[in-house]
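> would you be able to build a 3D model of this:
(2 chains)
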Number of protein chains: 2
Amino acid sequence: MTLIYPNIFSILFIMSKFLININGEHFDESSAKISVFDRGFLFGDSVYESTRTFNRHPFRLSLHIERLFASALKIQLNPTLSKEEIATQVLKTIEQSPHQDIFMRIILTRGNNSDLGLDPELSSANNLIIITKEISPNPEWWLSHGLSMIFYQKQNSPSGSLPKSGNYQENIMAHKAALSQKAYDAIMVNGQGFATEGTTSNIWIIKNGVVYTPPLIDGVLEGLTRKTIFEMPRVYPIQEKSLTRQDILEADECFITSTTRNLVPVTKVESTPIGNGKPGVNTLELLKSYLQFVGQKAVF
Amino acid sequence: MTLIYPNIFSILFIMSKFLININGEHFDESSAKISVFDRGFLFGDSVYESTRTFNRHPFRLSLHIERLFASALKIQLNPTLSKEEIATQVLKTIEQSPHQDIFMRIILTRGNNSDLGLDPELSSANNLIIITKEISPNPEWWLSHGLSMIFYQKQNSPSGSLPKSGNYQENIMAHKAALSQKAYDAIMVNGQGFATEGTTSNIWIIKNGVVYTPPLIDGVLEGLTRKTIFEMPRVYPIQEKSLTRQDILEADECFITSTTRNLVPVTKVESTPIGNGKPGVNTLELLKSYLQFVGQKAVF
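Next comes the predicted model:
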């Protein structure tokens, strides 16, 4: 399927919630398929990025692609596509999308295996899959009431900055545990007892006017919203610091960050209200600064 | 595609190396595809079994399906297919296969997600994929010379019996490290310094006439060949015991087991010859007993 008539395709895809780019061709959700020999499917042998657009511009695309390649390096996946080729496909799909602003999951797998073994040499060319959907605004209650979280003790606790990989089972277990306790999500805790991150977000606290988030070495994925907050003009002092469960429970304020959700207040952890149990005023102030910053800034 | 004419399909599939059953329908390797929304693809959110046939009979099928369900339980995946339904599909695919004996990878994923989130409730029905191919005989040099292995220090060291899951990246890294050192595979070592298993096999040593293999608690997948060796009439005393690197390097003999490869001697680890550096006579004796046992025994 060659995209000769983007406008016609836009009309076709407008009925579909999702628009998916597989190795350069566009599909709707019912026809977007990959081989069962794809190593992402067989072994979780893939890396990915989640990002979004603001006013049809991708949020920090070059940084996302840099991080995709950094994740690939961590699992020794040699990209057979260049950063430019990936960026071109992302931009093509944004152009093709009928939606004003979209969420994107950019997946790079080691490719299709010619046999069933683990040897990476059994695949030659990567598969690039870009799944997009219209972005939903954050529910209003997230800001008016804040989120409730639980702690989840990780079994797998490698230290150091984590790759964003297709091996996501532990995060699924953590998220499921949270949902079963009527919480929004889990704050994962590493083998040393330090809180690391949410299942798809970074975690932060504010204590005595200082903003803290765990260092990457504790086993944290370096979120680009996290990175952006470090780069923004400082509203408050910001420090990396290992955080115990106690640090979080005794914080004045707590919040999570993610590219698709920006900053969201956390008001309860393990049934303990954080601070006064309401979304923190400093958190909301930071959110305001963040939105201004990403709105002002050129998106590349 | 309904399988009304199995013989005609057998003829069509005879040209294909693989025969794949996806949710009850058969495909060749070029047409076997699953949705990019399959959670196995998105997150490695799947469990699997590898097995084989002996004379067109599946090897210990009911035990393999029991273990598939045990793996599912470990990742809190609720099967939406019964054990009987899965067995029926496996038998149907064996019947359909043009090959005398086949290798089978039976994959159960949590199913297709209706959105991109981690919540398992976003999928309703599992996907069952059975990939089969003609089984290749073990290369002769495996028995005449034995395998060379390396040690690989695991980053992720959960203790206890492991699920066979779609999160296989660490094993891929270990296998890749072995190949880059011209070894056959890696013996993985857990956080406590104990050797656990190969990347797709169990590991054993023989010392002073006693056969040892690590206990499941060290972070071992309970192989069904391993299980069968414990159940066989005893040729030698067999014990579970935590094994250090040193125990392996100083063993009289060493071997691996897997359903598809049976028993294979290991004659070198990290460039150190094991015993006299040749396939162990006791190992070969055990292999003989094993083949007799699985040949004699009814395969269910």
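> A:Leu42 falls within a strand, correct?
No: assessed with DSSP: H, G, I helix; E, B strand; the rest coil, A:Leu42 is helix; it does not lie in a strand.
> who does the residue nearest to A:Gln89 when sequence neighbours are not counted form a beta bridge with?
The shortest distance from A:Gln89 to any non-neighbouring residue, by CB to CB, 6 or more residues apart in numbering or on different chains, is to A:Asn21 (5.7 Å). The C-beta positions use only the backbone N, C-alpha and C, and glycine is treated the same way. For A:Asn21, the beta-bridge partners are A:His26, A:Ile130 (DSSP bridges).
> now for A:Asn21: which residues touch it?
Going by CB atoms under 8 Å, 6 or more residues apart in numbering or on different chains, A:Asn21 touches A:27, A:89, A:92-93, A:96, A:128-130, A:132.
> repeat for A:Thr196
A:154, A:187-190, A:203, A:214, A:218-220.
> look at it and give its secondary structure.
strand.
> which one of the contacts of A:Asn21 sits closest to chain B?
Minimum distance to chain B across the contacts of A:Asn21 is 5.5 Å, recorded for A:Ile129 (CB to the nearest CB).
> do me a favour and average the pLDDT over stretch A:125-143.
Averaging the model's pLDDT scores along stretch A:125-143 yields 94.
> what comes up buried for that stretch?
A:126-133, A:135, A:142 (16 or more other CB atoms under 10 Å in any protein chain shown).
> could the contacts of A:Thr196 be laid out in a markdown table, adding neighbour count?
What follows is those, written out as a markdown table (neighbours: other CB atoms under 10 Å in any protein chain shown):
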| residue | neighbour count |
| --- | --- |
| A:Lys154 | 19 |
| A:Ile187 | 27 |
| A:Met188 | 25 |
| A:Val189 | 22 |
| A:Asn190 | 20 |
| A:Ile203 | 26 |
| A:Pro214 | 24 |
| A:Asp218 | 22 |
| A:Gly219 | 24 |
| A:Val220 | 24 |
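> and A:Ser31, backbone torsions?
Main-chain torsions, A:Ser31, degrees, to the nearest 10: phi -110, psi 0.
> please report how far it lies from chain B.
Per CB to the nearest CB, to the nearest Å, A:Ser31 is found 9 Å from chain B.
> around chain B, which positions in the stretch 101-250 of chain A sit nearby?
By the rule CB under 8 Å from any CB of the partner chain, the part of the stretch 101-250 of chain A lying against chain B is A:103, A:105, A:107, A:115-116, A:118-121, A:129, A:131, A:133, A:155-158, A:165-169, A:171-173, A:175-176, A:179, A:199-200.
> now chain A against chain B: closest residue?
Counting by CB to the nearest CB, chain A gets nearest to chain B through A:Gly44 (2.7 Å).
> for that residue, grab the count of nearby residues.
Counted with other CB atoms under 10 Å in any protein chain shown, residues neighbouring A:Gly44 total 27.
> what does the pLDDT read for it?
92.
> quick one: contacts for it?
Contacts of A:Gly44 by CB under 8 Å, 6+ apart are A:165-168, B:43-44, B:166-169.
> can you tell me which of these lies nearest to B:Leu284?
Of all the contacts of A:Gly44, B:Leu284 sits closest to B:Tyr168, with 30.7 Å by CB to CB.
> phi, psi of that closest one?
Note on B:Tyr168: backbone dihedrals following degrees, to the nearest 10 are phi -120, psi 10.
> residues contacting the nearest residue to it once chain neighbours are set aside?
Once flanking residues are discounted, B:Tyr168 sits nearest to A:Phe43: 3.7 Å by CB to CB, 6+ apart. Contact analysis of A:Phe43 by CB under 8 Å, 6+ apart lists A:118, B:44, B:166-169, B:171-172.
> beta partners for the residue nearest to A:Ser242 when sequence neighbours are not counted?
Excluding the flanking residues, the one nearest A:Ser242 by CB to CB, 6+ apart is A:Phe194, at 4.6 Å. Beta bridges link A:Phe194 to A:Thr244 when assigned by DSSP bridges.
> thought A:Phe194 was touching A:Leu243?
Yes: here A:Phe194 reaches A:Leu243: they are 6.2 Å apart, a contact under CB atoms under 8 Å.
> higher neighbour count, the two?
Counting neighbours by other CB under 10 Å for A:Phe194 and for A:Leu243 shows that A:Leu243 has the greater number, 25 against 22.
> surely that one touches A:Lys207?
No: in this structure A:Leu243 lies outside contact range of A:Lys207 using CB under 8 Å: 9.7 Å.
> re the thing from before, got a markdown table for the contacts of A:Asn21, with distance to A:Arg56 too?
Below are these laid out as a markdown table (distance: CB to CB, whole Å):
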| residue | distance to A:Arg56 |
| --- | --- |
| A:Phe27 | 21 |
| A:Gln89 | 16 |
| A:Lys92 | 13 |
| A:Thr93 | 11 |
| A:Gln96 | 11 |
| A:Leu128 | 21 |
| A:Ile129 | 21 |
| A:Ile130 | 15 |
| A:Thr132 | 12 |
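> and of the residues you listed, the nearest to B:Ser271?
A:Leu128 (39.7 Å).
> can I get the CA coordinates of the helix or strand containing that closest one in CSV?
Element membership for A:Leu128, per DSSP states H and E: strand A:127-134. Provided in CSV are the C-alpha atoms of strand A:127-134 (Å, rounded to 0.1, in the frame of the first residue of the first chain):
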residue,chain,number,x,y,z
ASN,A,127,10.7,-4.0,12.3
LEU,A,128,9.5,-0.4,13.0
ILE,A,129,5.9,-0.1,14.2
ILE,A,130,4.4,3.2,15.1
ILE,A,131,1.0,3.0,16.8
THR,A,132,-0.9,6.3,17.1
LYS,A,133,-4.2,7.3,18.6
GLU,A,134,-6.0,10.5,19.4
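> which other helices and strands does that strand contact?
strand A:18-22, helix A:83-96, strand A:102-109 (3 or more CB pairs under 8 Å, 6 or more residues apart in numbering or on different chains; DSSP states H and E).
> make JSON lines out of these and add mean pLDDT.
Formatted as JSON lines, the helices and strands packed on strand A:127-134 follow (pLDDT from 0 to 100):
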{"stretch": "strand A:18-22", "mean pLDDT": "97"}
{"stretch": "helix A:83-96", "mean pLDDT": "97"}
{"stretch": "strand A:102-109", "mean pLDDT": "96"}
